[in-house]
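[1] Coordinates for the following, if possible.
(chains A, B and C)
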Amino acid sequence: MTDIAARSAAPAPRLEISRRAALKLFTGGMAASLAGCSPPAEKNMPYVDMPEGLVPGEPQYYATALPLGGYGRGVIVKAVDGRPVKVSGNPRHPASLGSTDVFAEAALVELYDPERSRDIRGTQPINGWTEFLGELQQWSGKAKRGEAPLHLVTSTVASPTLLGQIASLKQQYPGTRWFAYDPLGGAEGARSLIPRLDRASVIVCLGADPLGPGPMQIMVSRAFIKGRMPESPGGMSRLYAVESTWTLTGANADHRLTLPPDKIDALAMEIVGRLEGHPGSPLPLDKGARHFVDEMIADLQGAGAGGLLLPGPMLREETVQAVLQSGRRLGAPFDRAATFPAQLRPEPFAAFEEILHSGKVQNLLLLDCNPAFDAAPDAKFAEALKKVPFAVHAGLYDNETADLCRWQLPLSHPLEAWSDLTSADGTVAIVQPLIRPLYDTRSQHEILGFYAGQTAPSGYDTVRQTWKQGAQDAGFEDWWRNALVKGVVSGRSPQFALSAGNTETSQPAPSQPPLDAPADSNSFVALIQPDQTIYDGRFTNNAWLQECPKPLSKGTWTNAVSLAPEDAAALGASDGDVLAISSSAGKIEGPLRIDRGQARGVVGLTLGYGREGAGAIGNGLGYNPRLLSPGSLRNVIRGIQVKKTGRRAPIPSTQMHFSLEGDLRKLLPEVAPGGSLPASGTKPSLFVPPPPRDPYSWAMVIDTAACTGCNACVVACQVENNVPIVGPDEVANGRAMHWLRIDSYDIGTAEEPRHGFEPVPCMQCEKAPCEPVCPVEASVHDTEGLNDQVYNRCVGTRFCQSNCPYKVRRFNWFAYNSGQEYKDLGKDPMPARNNPDVTVRARGVMEKCTYCVQRISGARRDAEKADKPIADGELKTACQEACPTEAISFGNLQDKGSMVNARRADPRHFTLLEELGTRPRTTYLARVRNANPKLAGGSA
Amino acid sequence: MSAIVSGAQPLPSAGDAVRAQKVERLTHVDTIDAVNTLVSGPLLDRRRWRRWWIAMIVASLLTVLFFGSMIYLFAKGIGIFGNNSIVVWGYPIANYVWWIGIGNAGTLISSMLLLTHQHWRAAINRLAEAMTLMAVAIAGLMPIMHMGRPLYFYWLAPYPNTMALWPQWRSALIWDFWAILSYLLFSIIFWYTGLIPDLATLRDRAITPGKRIFYGALALGWRNSARHWHIYQTYYRTMAALATPLVCSVHSIVGLDFAASLMPGWQETIFPPYFVVGAMYSGFAMVVVLCAGVRWGLDLEALITTRHFEIMAKVMLMAGTVMFLSYATEWFSAWYSGRGVDRRFLSFEFTGAYAPLYWIMIFCNCIAVQAFWFRSARRSLPAIIIISILINIGMWLERILIVWNTLSHHYIASMWRLFYPTLWDWFVLFGSLGFFAFLYLLFARFFPVVSMHEVKELVQREATS
Amino acid sequence: MAQVFKPRANTIALAVLVSIPVVVVLIFAINYQLHASPYATLMGLYVDQPVPFSHKHHVGDIGLDCRYCHTGVENAAFAGLPPTHTCMTCHSQLFTNVAMLAPVRQSLATDIPIAWNRVYKLPDYVYFDHSVHVKNGIGCSTCHGDMSKQPLTMKEAPLTMGWCLKCHRDPGPHLRPVSEVFDPHVPDPQNDPQKAVALLRHYVIETGNMTDCSTCHR
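    Numbers count the residues shown, from 1 in each chain, chains lettered A, B, ... in the order given. From the prediction side, this is the model:
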């Protein structure tokens, strides 16, 4: 474990070096544009004492884990000169399986965010850790004497060490109370189950979004696609989605029915009744819907134990429990997410609000959570919090909640600190730091250590303590080293200091009121869901996630208010009109998006926006739906009024046209299971490609049937290739820079709208239209078949892009990454995130996907040094690596056994715009729809 | 070499002649002296330039705007224009094609009409050539303003460098580079040599020594010797013979910028000829406007007569009809090809976001000009001027629509996007017009706007016949 | 009328006309010469260093191997500069208090690296990898010259793109057996066609992609 040693004993110059390198990189683009005669004088700084195992400029890889909604996903992080530059999945970790999601990919940007809370903030600016510890001592004293018991508020906690520390705090200070909440809210039961979609043959989602963003997204998506492959045992699974607004699951469903939340809840009970064999009175539905429901239930019953009924968090807790019980009885394929001993269960947020408003709270620690924004963004809560004499907030950012607290403690980023994380399926991974904390921050464990009275707590020791068995534990060091290398803990369970004393179990989360108050005709029902790129608001200040287009609408930099076309028409509102949404408790305003295939009478809202304390990037974007019912954490709110404000705020979008009429349909073909596309055959050509002059001919095949539209590839590409962020205005100007885009098409019929996704990187055409038109040979073909884009040669005539039929090239209209960055993205240490293997492009230069040529070149150089060829699968592009469903395969065409060759032989294989004769190296497999023949529109 | 000194026709005193002519206006020209007076008079007399100064002030302001926005462009970056990642081309390209088109007419007139013995050209070829010169110069600036990294524009030239790199000869832009360059150089030489005899006249009629030296130096020692004239004529006709194919090639190559692509609406074999005609069309229209201006400004009614305008109107009528035919051909081939993308493109042209502009363009380029079937329209100066201006607007619209329609509505539906111009787009367009006027006014101030020696030739012929 | 010009005006006019094209040609020629000259490439330039380190002494006289200090050269893109500790392995015994070495001792004491002045500088958009060259039979002296004769370090090559391409187009003559790679005295290029072919085979060199833009630019 030399590298661990190296890291913990990293010398000061090390950070300097990485900063310098970053700065050099950062100015690289500029330098590229200066054709000065004599190069500027430059200094070379070696180490004074080189850390062992580190080779300057060569990457090192460490296994660790990143949290999302409290749960962990195993990752492997690449560091160059001690500077983390890329996050990718950990194949050994069941919640990652070697893939990532958008949040893991964008985590680096959070680490380098110049607006992270850097120093401890008290009442006066001069306050430092010592002042804080002094004050803490007094309060701990009071807590011991029971005068001011400690109140701890967190979001979901799945770190054994943290749980252990909380448990021991409870023992140390009697009367200590711990409250935890999930900002997503909704029915807890629905969130804490793991659907085993690979084992299901018929899946019915009732407002559930298993493929949507969340700690389980990767593993569930992978399982889903496993069950979708025509060759999968028991044939290809069929997915029904019954939902009120569009979700990723709905977009990937074979059949989709839209109903308002109340009806879905009732439908759930009806289905359960019929599965259990005691059908009640059927829910009144219109003819089409009723037919759909009956066929669906028949299909579900036919599937037997392969049938899976998934309740969504939008349903009432009671309904969810009923569904789960019947599911268990029928042996439906799902498991319960990781759980911890009863003593370690927190109290719900409602209980905290109660005691807070009663004014009894004096000693309060809010650990890495932001209730003043994501739970109770109302004045009452703020007032009460301000009154707390010793309110301490510990977090990455000095956020809304911190502003109301006496102390803000800067928290170390998960990439800077020691910890451990349980994933949703129960696997534990050790979190190890990739870099020494950039600022004077502490980890969660160290802060709780302070509360436990330790003077110099060390996260490293605390975590190790959790896993040591007894004082003398012979095998520990080996086990520890192994856990670090593998990134997965095995053969041990955490040592909790549990006393039989405190065993208050949690009350069930406050369930939504029963359906006695049906939504009246002139009022709407608001349905709140996590945002597909911002999630619950933790990532609001993350520009990479902000600019990442929402999978279906392609909107960026704000959340929208979605309405059914009929409702919008009734309001006389059109896309981009600002609507005022008001409930009895509050009022919000947001831009309208009209969604075909959304239930009438439903207002679709998403979380994560409307922040004031996020930072320069995230402030003032969108609205915060929690304002409609502060403190309740509910996701379905009735009696909503919707009005036009008369103002307009068009949503910056990366795609304008969604429908595929006429022969445009061939852009995204679809077949039935086992179906095939008409073989195009090779037509006679005057351009007979010359025999390859090189052992490698790279090609990519993308399976559109496997693409769930999760966007992981988009962000992975952006991080790997230093693709700049342009900001909302430029996105609105149509200047988004993503090299890899996911086209989202509306491929459904009038009665049953459906969505299709198609990732489009550069096609790397063999007869590339972009090459002959470039006057300076900046766009040239190389012997491996790539279209190289030589940034330092490009003069920016943009002929290549205007002649590109696929429109995959992107132009630096401004120096987005080299002097004219959006807001504070140019500030230190942000440039340190740049990948040193990729040029930072200058202003006025065209750029595009090159199959991650830096990776190809790296692999080639290694192969040439070792005098052995590159094996299939050994070399992965960033998008391929990230894809949770392995929809992207990449390899060498001359290697007969390679995956790409196999997929190119697939009957579903097709080429985009084949008739143009551009001979793309990037090709596709057609979508597959496993329709129920008995249902209308069942013919794929 | 003493000949350099003595002028062609020894006159008593140039000054007297001018003063004599100052007051009353000539209605028609019958003597060589009258020509000299009429054309060169203004150049040598300081007191006749009020209108000129007014025009000059306006033009200068616009010129400042032009170079102002150019500086801002280079400082801030190409992003100040309305382009986006899909419609990557915009105003500079349209302006470029438009100016080049205008630039074509001048040489066409002087060379083609010279070869076909159209003697009427004598009155207007000089100012047409001048127009060419300036239009081409401005057109040359546009691609540079269009580039992302203008400071490297010279990479398009095959110059020896330590990178061991050369331009990419398959690119239409390289052909363009050469086309513009050679055309610019050629027009300068052609125009200048055409000036020499007149410069000599000016030299001899100049009053102040300053002017005498200025014009004398430029006249390169021209004296009306038969030998000079012999060499001159042969040389001038040869140049004219060279000019005609060159003119055609230039705008054909501009057409290839688009035709040598595979985008719907661009990839059309008809483009080169149709661009040449279009160029001639807009060029003539511009000549008409300039003639009218100069004629009014310098009281040349006697030289530039309604007959000139009438002939040009006829030419425009012809060109306009050919344009109509070209459009029709485009529509037909798009429909006849049967390709979905081409037909979609066509319906986008007719009904899409830019359709109003498209119909305006059709009116300006095809409908309005049909008025010239009527003699009355051809002979009414206002009518001709208005229609010519419409034609110039229409031709500019044609160019911008060629760029917009294709780039906005292509193969991949997800990437369809529209172009919204910014203030800077307009600044550059109108600034360039101002700069053109600025140059033209300077020319009108210091050089004879009508080719005196050729008009004299005509006068001679008429006198003898 | 008085004379406007003297007879010599003709000659002047003629000269002016002729000189126009000549000047254009000259501009290109001079510009090229300028860029190829040491003025621009800094070739043959000795660079002052905080410590007047002499390769002549260490390599030539003592006979240290390149890899003793430049540890990365065989497995990394950067050959690497020795950390202060490497210097001190000897200089904690030898010349322990020579003024010349004060900066080294100071660096060790203060833990602040020695700031050497760069001699070989490539633009940031050029990705050069020492290891792959060394592993494929390109010797140090091919680009750095005979270090055993350089008291202070001098830039031996222009490092222009044309210069890189010369070798990438025809690597054969510049290859040498593994044993000679780190030998500073081996001349370059070696004009022995047979040997070149043999070495190309020995190192399994794919010349196909060696002149691809993507080989050096990304």
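[2] For stretch A:350-364, buried residues please.
    For stretch A:350-364, the neighbour count (16 or more other Cβ atoms under 10 Å in any protein chain shown) marks A:350-353, A:356, A:361-364 as buried. C-beta here means a position set from N, CA and C on the backbone, and glycine is covered the same way.
[3] any low-confidence regions in the chain?
    Assuming you mean chain A. A:1-41, A:230-234, A:497-521, A:680-682, A:936-940 (pLDDT under 70).
[4] ah, I was thinking of chain B
    Using pLDDT under 70, the flagged stretches of chain B are B:1-30, B:41-48, B:465.
[5] what residues are up against whichever residue of it sits closest to chain A?
    Proximity to chain A, evaluated over chain B using Cβ to the nearest Cβ, is greatest for B:G148 at 1.8 Å. Contact analysis of B:G148 by Cβ atoms under 8 Å, 6 or more residues apart in numbering or on different chains lists A:794-798, A:811-812, A:843-846, B:78.
[6] What about those, which are in strands?
    Judged by DSSP state E, the contacts of B:G148 include A:811, A:846 as members of strands.
[7] circling back to that earlier point, helix/strand/coil for the residue of chain B closest to chain A?
    When classified by DSSP: H, G, I helix; E, B strand; the rest coil, B:G148 comes out as coil.
[8] cool, A:R593 as well?
    A:R593 ends up strand, using three-state DSSP.
[9] residues near it, how many?
    The tally of other residues near A:R593 (other Cβ atoms under 10 Å in any protein chain shown) stands at 23.
[10] The closest residue to it other than its chain neighbours and chain C, how far apart?
    Nearest residue to A:R593, sequence neighbours excluded (Cβ to Cβ, 6 or more residues apart in numbering or on different chains): A:A560, at 3.9 Å. For A:A560, the distance to chain C equals 38 Å [Cβ to the nearest Cβ, to the nearest Å].
[11] who touches A:A560 in this structure?
    With Cβ under 8 Å, 6+ apart, A:A560 has these contacts: A:553, A:590-593, A:604, A:606, A:651.
[12] do A:P311 as well
    Listed by Cβ under 8 Å, 6+ apart, the contact set of A:P311 reads A:187, A:189-190, A:206-208, A:268, A:319-320, A:323-324.
[13] One more: A:K86?
    With Cβ under 8 Å, 6+ apart, A:K86 has these contacts: A:77-78, A:108, A:719-720, A:835, A:878.
[14] Is it bridged to anything, and to what?
    A:K78 (DSSP bridges).
[15] Whichever strand in chain A runs longest and chain B, any residue contact?
    Secondary structure of chain A per DSSP E: the longest strand is strand A:636-648. No - judged by Cβ under 8 Å from any Cβ of the partner chain, strand A:636-648 makes no contact with chain B; its nearest approach is 15.3 Å.
[16] Pairing partners for that strand, with directions?
    Its sheet considered, strand A:636-648 pairs with strand A:524-529 (antiparallel), strand A:577-582 (antiparallel) by DSSP bridges.
[17] Direction included, what does the helix or strand that that strand is followed by pair up with?
    Once the chain leaves strand A:636-648, the next helix or strand it forms, by DSSP states H and E, is strand A:670-671. Take DSSP bridges as the rule and strand A:670-671 pairs in its sheet with strand A:927-928 (parallel).
[18] what does the strand it pairs with contact?
    By Cβ under 8 Å, 6+ apart, strand A:927-928 touches A:228, A:230, A:236, A:668-673, A:675, A:704-705, A:747, A:756, A:908, A:940.
[19] what's the closest residue to chain B within chain A sitting at in phi/psi?
    In chain A, the residue found nearest to chain B is A:G796; the distance is 1.8 Å by Cβ to the nearest Cβ. According to degrees, to the nearest 10, the main-chain angles of A:G796 amount to phi 80, psi 40.
[20] For it, which non-adjacent residue is closest in space?
    In space, A:G796 is closest to B:G148, 1.8 Å off (Cβ to Cβ, 6+ apart).
[21] gap between the one you found and B:I100?
    21 Å (Cβ to Cβ, to the nearest Å).
[22] ok, now A:K287?
    66 Å.
[23] Measure how far the helix or strand harbouring B:V403 is from the centre of its chain, please.
    Per DSSP H and E, B:V403 falls inside helix B:381-408. Distance of helix B:381-408 from the chain centroid (Cα atoms, centre = their mean, to the nearest Å) equals 15 Å.
[24] sorry, back to before: mind picking the two most distant members of the contacts of B:G148?
    The largest separation in these, counting by Cβ to Cβ, is between A:T797 and A:R843 at 14.6 Å.
[25] next one: phi and psi at the residue nearest to A:G796?
    Taking degrees, to the nearest 10, you get phi -70, psi -40 for the backbone angles of B:G148.
[26] repeat for A:A887
    phi -70, psi -20.
[27] What is the burial count for it?
    Count around A:A887 with other Cβ under 10 Å applied: 24.
[28] Tell me the residues of the stretch 201-350 of chain B that contact chain C?
    B:203, B:209, B:212-213, B:216-217, B:220-221.
[29] Could you point out which of these is nearest to A:A456?
    For those, with A:A456 as the reference and Cβ to Cβ as the criterion, the closest is B:A217, at 89.7 Å.
[30] contact partners of the helix or strand containing the closest one?
    Using DSSP H and E, B:A217 sits within helix B:209-219. Applying Cβ under 8 Å, 6+ apart, the external contacts of helix B:209-219 come out as B:4, B:44, B:195-196, B:199-200, B:202-203, B:206, C:4-5, C:9, C:13.
[31] tell me which residues in the helix or strand just after it are buried?
    The C-terminal neighbour of helix B:209-219 among helices and strands, as given by DSSP H and E, is helix B:226-259. In terms of neighbour count (16+ other Cβ under 10 Å), helix B:226-259 has its buried residues at B:228, B:232, B:236, B:239-240, B:243, B:246-259.
[32] now the lowest-mean-pLDDT helix or strand in chain C, how far from the centre of its chain.
    Every helix and strand of chain C was ranked by mean pLDDT, DSSP states H and E. The lowest is helix C:38-41, at a mean of 86. Here helix C:38-41 is found 12 Å from its chain centre; the criterion is Cα atoms, centre = their mean.
[33] now swap in stretch A:133-150 and tell me
    The answer for stretch A:133-150 is 39 Å, by Cα atoms, centre = their mean.
[34] Same check on stretch A:229-245?
    23 Å.
[35] now the end-to-end length of it.
    27 Å (Cα to Cα, to the nearest Å).
[36] can you tell me which of the contacts of A:P311 are in helices?
    Under the assignment DSSP state H, these contribute A:189-190, A:268, A:319-320, A:323-324 to helices.
[37] outside of the longest strand of chain A, which residues touch it?
    Contacts of strand A:636-648 (Cβ under 8 Å, 6+ apart): A:261, A:314, A:512, A:517, A:519-520, A:523-528, A:561, A:563, A:567, A:571-573, A:576-584, A:589, A:591, A:603, A:628-629.
[38] Make a ChimeraX selection of the buried ones in those.
    Buried residues among the contacts of strand A:636-648 (16+ other Cβ under 10 Å), as a ChimeraX selection:
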select /A:261,314,512,519,524,525,526,527,528,561,563,567,573,576,577,578,579,580,581,582,583,589,591,603,628,629
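[39] Fine by me, thanks again.
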